[in-house]
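Participant: no sequence for this one, just the structure:
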């Protein structure tokens, strides 16, 4: 933990006053195989001088102390000194990671973020938690569709998500068909900063080059 803090510098997008939210956990989903990166761990790619996962933890720690990583290769994250869990249902992709986070959490709500999002914003995450109070969850939705790995889910949704997985419905973006998801839309998202930067994720080396 101390090693992470020594790497901390001012994050350009996070200007909000930090507040620890009650009954909220956070999960970083890091179970993907990153084939387009030759299997390289995307969470350790360096953006603006720091690994992505370090940048994410700096933001998440201002919201909740209950942070976990969901990854099948748990040994990769031992240096972070935070709980790391393998998928509860193997080979289920992102929706399996979401389900694992919900069954591992001991809180009412869980922030879920992909490990390749370098520009997490505290205000966006806090707003998702608030929106999830009156629904089964809340996610960012733009013209490209919902962002299931930039979202907050209530742990009570775990049973329905498990049923979806059992039926072979593995597309995480379709979760909104079976649970009630509140929406943080593009107009509101823009209040927190440039939308393209807030949603930037590293699916390919070209994405990484653009972010750099």
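Facilitator: On my side now, so go ahead. No experiment lies behind these values; they were computed from the predicted model shown. Residues are numbered from 1 along each chain as shown.
Participant: so where's this structure uncertain?
Facilitator: Under the criterion pLDDT under 70, the flagged ranges of the chain are 1-18, 32-39.
Participant: who does the longest strand seen in it pair up with?
Facilitator: Scanning the chain for the longest strand, with DSSP state E as the assignment, gives strand 145-154. Using DSSP bridges, the strands paired with strand 145-154 are strand 109-114 (antiparallel), strand 137-142 (antiparallel).
Participant: Which one of the ones you listed lies nearest to residue 92?
Facilitator: strand 109-114 (14.1 Å; CB to CB). The way it works is simple: take the backbone N, C-alpha and C, and place the C-beta from them, glycine included.
Participant: And the nearest residue to residue 186 once chain neighbours are set aside, how far from residue 176?
Facilitator: Distances taken as CB to CB, 6 or more residues apart in numbering put residue 142 closest to residue 186, at 4.4 Å, once the chain neighbours are dropped. Between residue 142 and residue 176 the computed distance is 14 Å (CB to CB, to the nearest Å).
Participant: which of the residues in stretch 113-133 are buried?
Facilitator: For stretch 113-133, the neighbour count (16 or more other CB atoms under 10 Å) marks 113-129, 131-132 as buried.
Participant: okay, how far is it across that stretch, tip to tip?
Facilitator: Terminal residues of stretch 113-133 are spaced 18 Å apart (CA to CA, to the nearest Å).
Participant: residues contacting the most centrally placed residue in the chain?
Facilitator: Geometric centre of the chain, nearest residue: residue 113, 0.4 Å, by CA atoms, centre = their mean. Residue 113 makes contact with 26, 27, 28, 29, 56, 60, 120, 125, 149, 150, according to CB atoms under 8 Å, 6 or more residues apart in numbering.
Participant: Sitting in strands, which of these do you find?
Facilitator: Using DSSP E, those in strands are 26, 27, 28, 29, 149, 150.
Participant: any chance of these in JSON lines, plus neighbour count and distance to residue 201?
Facilitator: Formatted as JSON lines, those follow (neighbours: other CB atoms under 10 Å; distance: CB to CB, whole Å):
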{"residue": "26", "neighbour count": "30", "distance to residue 201": "17"}
{"residue": "27", "neighbour count": "26", "distance to residue 201": "16"}
{"residue": "28", "neighbour count": "30", "distance to residue 201": "13"}
{"residue": "29", "neighbour count": "27", "distance to residue 201": "11"}
{"residue": "149", "neighbour count": "23", "distance to residue 201": "8"}
{"residue": "150", "neighbour count": "24", "distance to residue 201": "9"}
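Participant: now, among those residues, which is nearest to residue 196?
Facilitator: Using CB to CB, the ones in strands among the contacts of residue 113 come closest to residue 196 at residue 150, 13.5 Å.
Participant: Contact partners for that closest one?
Facilitator: Counting by CB under 8 Å, 6+ apart, residue 150 has contacts 112, 113, 114, 117, 124, 128, 139, 140, 199.
Participant: Pairing partners for it in the sheet, please.
Facilitator: On the basis of DSSP bridges, residue 150 is bridged to residue 113.
Participant: what distance separates the strand or helix carrying residue 98 from the centre of its chain?
Facilitator: Assigned by DSSP states H and E, residue 98 belongs to helix 93-104. The chain centroid and the centroid of helix 93-104 are separated by 11 Å under CA atoms, centre = their mean, to the nearest Å.
Participant: now residue 189, nearest residue through space, not along the chain?
Facilitator: Residue 189 sits nearest to residue 195 (CB to CB, 6+ apart), 5.5 Å away.
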